[in-house]
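S.K.: the sequence isn't on hand, but the structure is:
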């Protein structure tokens, strides 16, 4: 849900910046977005996307469009799905919760 | 040629004890990489599946039958529901575990070059393939993925069938029927509100497109599914019992730590063994009784391995249970039937709860079961108010007749006439074609009279309206774009195929429990299990009708 709202927010920002550029001839919005997302893209976006298994052009397109709202959930999922041997131990808590 | 075994066997293989609760519904991001292959659960599952299939091969020689053959493998996806979809902190175990499926694929791919993964979840299979990661599995093994509901259909006539003589199946199933492709059923070990359990041969329900599913999706459902065995049956069954599912599936169910793989060459016998392992008596399961009656079991089957019995919480095919009373106190059932299966109504008050339950069970696999599922989905949804319950009166059946007047029985044992029902407060939902005598009671000028006999999606949709503002389903916007894309894709494909004269399903005609037959074939006294019954070329008017038959959501919904 949150991610969908964030994507929507990003879309609105891009549309508003585009309108500002076209109507008011003021590219400041687009420039800020492009610089911000571009920086994210090269510092962490591409690295995260590639580690997740996405292709480079896809990583660049998504990160330039959605910035951290794209790469942060991927990073969180990767962290959640990186397991150690301990994660596969059948603990008393699990047995109490699910066992019959 | 389909596989023919000199001897059938069922192999029960326990998996090493460990925590298998990670990724049992959806594959992790690193599937296919070294880090995935190094996971202890993945290694254990692969070893268990391989051992089970190797032991089965020693007993039956199934591998020789499969060597170099074309194969169709069908998982059971139903709803793919990671924990984010519902209020629970665990994934919903309805889907064949993709880790187990991957392990089976690894063994099969060593024997066969042409493997197709096919499934019809009943909703948006294309989306569910992606959500669970089956698209990645297909890519890894170079297989084709087929969503059955998007395929054009072939028609068959099964003369020995008790209720489904006319059967439409996706074209790929024709290859199985004609023995050109072997069929592997890969279900999950879980309960089912319609049939008690859903395992090896019940998995074939997923080969039907929606309108075929709704035919006899009633008290006849066990007969209908057993009839299908005349047409085709699994050549190999692999039951994913790593994490089992208990409760009212296909509503959200609960995980059971079974840690077992069961394989076999005769799916009816596999299902009997697994049913017993789930703590139920296979001799009392109607589905297995029907399949046995038709001679599809094998009394000489060899069972290899120890039956570990874990009592699953049964699926309850009733709205008169303590669970319903506790979780949905506002939902009241009024049921009455007059037919040769229903008990006779003797008195208008003071009927016992057992008697009302007997009346309710007259149409066990029909609307009541679908309502049970819908309520479970609602309860699991974030939007259901756990303390402020919504109310709804559910009226089912054509009414139990006494002295020429029709009555519907409440849980209190009292018989309610039409006038009594009209006076009930709140929303009144009248379920099923047979309930037409009570349609005037339905709220919103008849909108809440649910037409069709066993029309599950429509029933679920209107129940959702009746219970507003609760939304029955996963409220996880993360998946929403994929689900909407899947629905749109399915709609476009189905419309395009209908326009080309190759519709993906028959016209909706499930208005009763009748025998679905083809009169011109029935007259021929055919003795085979099945014959091909090609559909005549569609006229322009038929094509237009076929296009109109395609619904974005469900039949009759709007």
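M.R.: Nice, thanks for sending it over. Computed from a prediction, not measured in an experiment: that's the story for all the values here.

S.K.: would you map the helices across the stretch 1-150 of chain B?
M.R.: Listed in chain order, the helices of the stretch 1-150 of chain B (DSSP state H, counting those that start in this stretch) span B:34-37, B:40-60, B:62-66, B:98-111, B:125-132, B:134-141.

S.K.: so can I have JSON lines of these showing mean neighbour count and distance to chain A?
M.R.: For glycine as for every other residue, the C-beta is placed from the backbone atoms N, C-alpha and C. Formatted as JSON lines, these follow (neighbours: other C-beta atoms under 10 Å in any protein chain shown; distance: least, C-beta to the nearest C-beta, whole Å):
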{"stretch": "helix B:34-37", "mean neighbour count": "13", "distance to chain A": "8"}
{"stretch": "helix B:40-60", "mean neighbour count": "20", "distance to chain A": "5"}
{"stretch": "helix B:62-66", "mean neighbour count": "18", "distance to chain A": "30"}
{"stretch": "helix B:98-111", "mean neighbour count": "22", "distance to chain A": "12"}
{"stretch": "helix B:125-132", "mean neighbour count": "24", "distance to chain A": "13"}
{"stretch": "helix B:134-141", "mean neighbour count": "18", "distance to chain A": "9"}
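
S.K.: ok, and the closest non-adjacent residue to the residue most central in space within chain B?
M.R.: Chain B has residue B:205 as the residue nearest its centroid, 5.7 Å off, counting by C-alpha atoms, centre = their mean. The spatial neighbour of residue B:205 that comes closest, neighbours along the chain excluded (C-beta to C-beta, 6 or more residues apart in numbering or on different chains), is residue B:225 at 6.3 Å.

S.K.: so that neighbour makes contact with residue B:207?
M.R.: No - Residue B:225 is beyond contact range of residue B:207, at 10.8 Å (criterion: C-beta atoms under 8 Å).

S.K.: so these two - more neighbours on which side?
M.R.: residue B:207 (28 against 24; other C-beta atoms under 10 Å in any protein chain shown).

S.K.: quick check: residue B:197 vs residue B:175, distance?
M.R.: 28 Å (C-beta to C-beta, to the nearest Å).

S.K.: mind checking which of those two has more residues around it?
M.R.: Set side by side, residue B:197 and residue B:175 show more neighbours around residue B:197, with 25 against 17, by other C-beta under 10 Å.

S.K.: ok, that one - contacts?
M.R.: Applying C-beta atoms under 8 Å, 6 or more residues apart in numbering or on different chains, we find residue B:197 in contact with B:190-191, B:271, B:274-275, B:278, B:280, B:285, B:287.

S.K.: tell me which element it is part of?
M.R.: Residue B:197 belongs to strand B:196-198 when assigned by DSSP states H and E.

S.K.: up against chain B, what does chain A have?
M.R.: Contact residues (C-beta under 8 Å from any C-beta of the partner chain) of chain A with chain B: A:1-5, A:52-53, A:73-74, A:77-78, A:81-83, A:85, A:87-91, A:94-95, A:98-100.

S.K.: now the buried members of these.
M.R.: Among those, those classed as buried by 16 or more other C-beta atoms under 10 Å in any protein chain shown are A:3, A:52, A:73-74, A:78, A:81, A:83, A:87-88, A:90, A:94, A:98.

S.K.: want to throw these into JSON lines with pLDDT and secondary structure?
M.R.: JSON lines is the format used below for these (pLDDT from 0 to 100; DSSP: H, G, I helix; E, B strand; the rest coil):
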{"residue": "A:3", "pLDDT": "70", "secondary structure": "helix"}
{"residue": "A:52", "pLDDT": "92", "secondary structure": "helix"}
{"residue": "A:73", "pLDDT": "89", "secondary structure": "helix"}
{"residue": "A:74", "pLDDT": "92", "secondary structure": "helix"}
{"residue": "A:78", "pLDDT": "93", "secondary structure": "helix"}
{"residue": "A:81", "pLDDT": "91", "secondary structure": "coil"}
{"residue": "A:83", "pLDDT": "93", "secondary structure": "coil"}
{"residue": "A:87", "pLDDT": "95", "secondary structure": "helix"}
{"residue": "A:88", "pLDDT": "96", "secondary structure": "helix"}
{"residue": "A:90", "pLDDT": "94", "secondary structure": "coil"}
{"residue": "A:94", "pLDDT": "94", "secondary structure": "helix"}
{"residue": "A:98", "pLDDT": "88", "secondary structure": "helix"}
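
S.K.: what two of the residues you listed have the greatest distance between them?
M.R.: Of all pairs drawn from those, the one with the longest distance (C-beta to C-beta) is A:3 and A:90, at 32.7 Å.

S.K.: please name the nearest non-neighbouring residue to residue B:328.
M.R.: residue B:375 is the one closest to residue B:328 (C-beta to C-beta, 6+ apart), at 5.5 Å.

S.K.: next helix or strand past whatever helix or strand the one you found lives in?
M.R.: Assigned by DSSP H and E, residue B:375 belongs to helix B:367-380. As assigned by DSSP H and E, the chain's next helix or strand after helix B:367-380 is strand B:392-396.

S.K.: quick one, what contacts the residue nearest to residue B:66 when sequence neighbours are not counted?
M.R.: Distance criterion C-beta to C-beta, 6+ apart; nearest residue to residue B:66, sequence neighbours excluded, is residue B:111 at 4.8 Å. Neighbour list for residue B:111: B:63, B:66-69 [criterion: C-beta under 8 Å, 6+ apart].

S.K.: ok, for residue 91, nearest residue in space, not its chain neighbours?
M.R.: Chain wasn't specified; assuming chain A. residue B:19 (7.2 Å).

S.K.: wait, chain B was what I had in mind.
M.R.: Residue B:91 sits nearest to residue B:25 (C-beta to C-beta, 6+ apart), 4.0 Å away.

S.K.: that neighbour contacts residue B:78, doesn't it?
M.R.: No - using C-beta under 8 Å, residue B:25 is not in contact with residue B:78; the gap is 10.7 Å.

S.K.: overlap in contacts, these two.
M.R.: Joint contacts of residue B:25 and residue B:78 (C-beta under 8 Å, 6+ apart) are B:94-95.
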